[in-house]
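Undergrad: Let's see this in three dimensions:
(one chain, ligands or ions: 1)
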Amino acid sequence: MKHKLLIVEDENSLAKQMKWGLSQTYEVIIANTVEQARQLLETGAFPVAVLDLGLPPAPDSPREGFGILASVPTISPHTKVIVVTGNAEQENAMKAIDLGAADFCAKPIDLEMLRVILKRTFKIHELEAANRKLRQACETGSAMCGMLGISPAMTRLSEVIRQVSPTDYPVLIRGESGTGKEMAARAIHLLSHREREPMIPINCGAIPGNLLESELFGHEKGAFTGAHQRKIGRLEQARKGTVLLDEIGDMPPELQIRLLRFLQEGTIERVGGTEILRPDVRIIAATHVNLEAAIEAGRFREDLFYRLNVVPVMIPPLRERQADILLIANHFIREEAQKLKRGQVRLSPAAATALTAHSWPGNIRELQNCIYRAMAISSAGVIRPADLGLPDVAEPSEMPRQLPTIKEARKAAEHQAILQALATTRHNISQAAKLLGISRPTLHDLLKKHGIKR
Ligand SMILES: Nc1ncnc2c1ncn2[C@@H]1O[C@H](COP(=O)(O)OP(=O)(O)OP(=O)(O)O)[C@@H](O)[C@H]1O
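TA: You can find the predicted model right below:
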């Protein structure tokens, strides 16, 4: 389904040209007047709007455009606005950004440029929508901003996240691939005072060094060949929000110096610019590599490491939080069943055992893929070990590093058995009690003892 795009433009020929150029990607709707624009925005159906500032009755001044822009937070708070300005109206563009526009595009419109800006703006809208969803999950208290987990390791992690969120300190999140580092960063953002502003993630390993520089810090028009327009970098764009620097270990050395300067002095300059800017953003960095080894090898600056590592947050691998496996697996099953419009789907007891016995080298992402695959091939609403691609009975691949005491082992086994029974019976207490060979009241007592919520 195409995203809806509102274009507010009184010049018919220009409106038609934009519609013609963008209709393949977006469902374009044109408003020629301020009144039409307001009515369409009030429907709340547009993630993004392109707004010409000069509109009748005053087409030669930005007055009407600024008027609409200022009312967007009230009439359609989630719509991102890209303003269109005359070529010589840099000042209006900056004022529009100040009033809350997401970006700007100069006339005459370069459709290629507009496409790039639109793609980015729709992406930001999408990220913010995901943030809102998670915030709702936080508010309902069903999970730590979507982060499910009942294992002791997750309980400790939740505490650290709650402590660090309200501070403005940089945070370094470490953990293996797929353990939930980005999710933890979102939780920190959502529980901070910056929650209503965007959290913008950048994968430092996926963008070549020179592009990463202007992506992060922005550039001025003419800063290098191909820099046709000023570009606002992510640090500026995130205003009052959070920037997540994912795979920070892959950041090139020259950018490490610029980032260090920002962390020390709070200032940046756009590439090719001289203006000193002070973006108000919080930095969260994440890595799955051993940064100490990268420092040793001369690939990562030690001074930057200490600046970023003010609060270290470690996400334990899934194999160290066995109690979470069935909880998270069942969550993915429910989510996927809803998406695929399937009725109830459950794990067979053997599948539940196979899931908990597997060592999950790819962590939660591997578990997620495994469940999605199983949902695609399983039939009759039951997932069996073969659907998961797991052996019927799997031995743990590693010796535990630290042996639990008998008391701890009993408690963990009890906890695990209860979770399995609940997962198998889809939380039917009578059936779960029967499976466990205990009475319903005893099971209720045990649920309370283990802090397991229905
Ligand atoms: N505790 C959790 N509860 C539910 N879902 C989770 C949890 N942790 C992670 N996920 C889900 O697992 C997937 C991987 O998480 P995420 O992208 O945050 O991991 P990551 O460590 O940042 O991965 P990578 O190192 O590959 O960037 C996502 O789909 C996320 O929603």
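Undergrad: Could you report the distance from whichever residue of the chain sits closest to the ligand to residue 129?
TA: For the chain and the ligand, the shortest gap (Cβ to the nearest ligand atom) falls at residue 180, measuring 2.7 Å. In this view, the C-beta of every residue, glycine as well, is placed from N, C-alpha and C. Distance check for residue 180 against residue 129: by Cβ to Cβ, to the nearest Å, it reads 20 Å.
Undergrad: Looking at these two, which is more packed in?
TA: residue 180 (25 against 12; other Cβ atoms under 10 Å).
Undergrad: quick one: that one from residue 216, how far?
TA: Distance, residue 180 to residue 216, by Cβ to Cβ: 24 Å.
Undergrad: do the same with residue 412
TA: With Cβ to Cβ as the criterion, residue 412 and residue 216 are 44 Å apart.
Undergrad: what does residue 30 give?
TA: 35 Å.
Undergrad: Between these two, point out the one with more neighbours.
TA: Remark: of residue 30 and residue 216, residue 216 carries more neighbours, 25 against 19, as counted by other Cβ under 10 Å.
Undergrad: Off-centre distance for the helix or strand of the chain with the lowest mean pLDDT?
TA: When the helices and strands of the chain are compared on mean pLDDT, DSSP states H and E, helix 406-424 comes out lowest with a mean of 76. Relative to its chain's centre, helix 406-424 lies at 33 Å (Cα atoms, centre = their mean, to the nearest Å).
Undergrad: which element follows that helix toward the C-terminus?
TA: helix 429-436 (DSSP states H and E).
Undergrad: What would the helix or strand following that next one look like as PDB? C-alpha coordinates only.
TA: Downstream of helix 429-436, the next assigned helix or strand under DSSP H and E is helix 440-449. The C-alpha trace of helix 440-449 is given here as PDB (Å, rounded to 0.1, in the frame of the first residue of the first chain):
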ATOM      1  CA  ARG A 440      -5.000 -24.800  40.900                       C
ATOM      2  CA  PRO A 441      -4.500 -23.000  44.200                       C
ATOM      3  CA  THR A 442      -0.900 -24.400  44.400                       C
ATOM      4  CA  LEU A 443      -0.200 -23.100  40.900                       C
ATOM      5  CA  HIS A 444      -1.600 -19.700  41.900                       C
ATOM      6  CA  ASP A 445       0.700 -19.700  44.900                       C
ATOM      7  CA  LEU A 446       3.700 -20.600  42.700                       C
ATOM      8  CA  LEU A 447       2.800 -18.000  40.100                       C
ATOM      9  CA  LYS A 448       2.900 -15.400  42.900                       C
ATOM     10  CA  LYS A 449       6.200 -16.800  44.300                       C
END
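Undergrad: Who are the packing partners of helix 440-449?
TA: helix 406-424, helix 429-436 (3 or more Cβ pairs under 8 Å, 6 or more residues apart in numbering; DSSP states H and E).
Undergrad: Which residue ranges of the stretch 151-300 of the chain form helices?
TA: Listed in chain order, the helices of the stretch 151-300 of the chain (DSSP state H, counting those that start in this stretch) span residues 152-164, 181-190, 209-217, 234-237, 253-265, 291-296.
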